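Student: how does the following fold in three dimensions:
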Amino acid sequence: MLDYVLKFSGCLVVLYSFYRVFLENEKNHGFKRFYLLFTLVGAIVLPLITISYSVEVNAIANANTESAVPAIIDNPETMYLEITEDNVSFFEAYYPAMLWIIYVAGFVVFAIRFSKNTWRLNKLILKNEKIWGNHSIKVLLPFSLIPYSYFNYIFVEKEA
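Tutor: Below is the predicted model of the structure:
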């Protein structure tokens, strides 16, 4: 599961970086939406694809008869290393815990940021004059800004 999450995150980073570098300034918004939606689908599907290959062992053994390769291949017990507590490094032992700490820290930071921004918007809604329309409520703000929306609220400059 951890491998899938890492591959998924890597795919998202690569595909989104491509979007930011090459597609962000494009005018064709329909294509950009299509790309971003299929980026998500691609990031989900690509880690599930496994590419495998095989190597013919006899070719390696015949080409190099005096090396240690035939001895390793003839004795399969030496091909595997038993991992005991002595062989595990500090990083390997605490790698999952460190990933969870980073994940939780990121979640907490963005949850606090989201809560703060939502609280600020609700404060603007309660504090300023509102005009009710058919499908939206316009919040008139006393300072200059670019209009934006939050659910059915549209924040605009009062003078505009």
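Student: what mean pLDDT does stretch 140-159 get?
Tutor: Averaged across stretch 140-159, pLDDT comes to 91.
Student: now swap in stretch 25-35 and tell me
Tutor: 90.
Student: quick check: buried residues in that stretch?
Tutor: Tyr35 (16 or more other Cβ atoms under 10 Å). Using the backbone N, CA and C atoms, a C-beta is placed for each residue, glycine as well.
Student: check stretch 103-112 too.
Tutor: Result for stretch 103-112 [16+ other Cβ under 10 Å]: no buried residues.
Student: again, but for stretch 143-156
Tutor: 153-156.
Student: let me have these in CSV, adding secondary structure and distance to Ser115 as columns.
Tutor: Below are the buried residues of stretch 143-156 laid out as CSV (DSSP: H, G, I helix; E, B strand; the rest coil; distance: Cβ to Cβ, whole Å):
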residue, secondary structure, distance to Ser115
Tyr153, strand, 18
Ile154, strand, 22
Phe155, strand, 19
Val156, strand, 25
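Student: may I see those residues organised as JSON lines, with distance to Pro147 added?
Tutor: Listed next are the buried residues of stretch 143-156 as JSON lines, based on distance: Cβ to Cβ, whole Å:
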{"residue": "Tyr153", "distance to Pro147": "11"}
{"residue": "Ile154", "distance to Pro147": "6"}
{"residue": "Phe155", "distance to Pro147": "6"}
{"residue": "Val156", "distance to Pro147": "5"}
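Student: okay, domains of the chain per the record?
Tutor: 1-49, 128-159 (the TED database).
Student: all set now, cheers.
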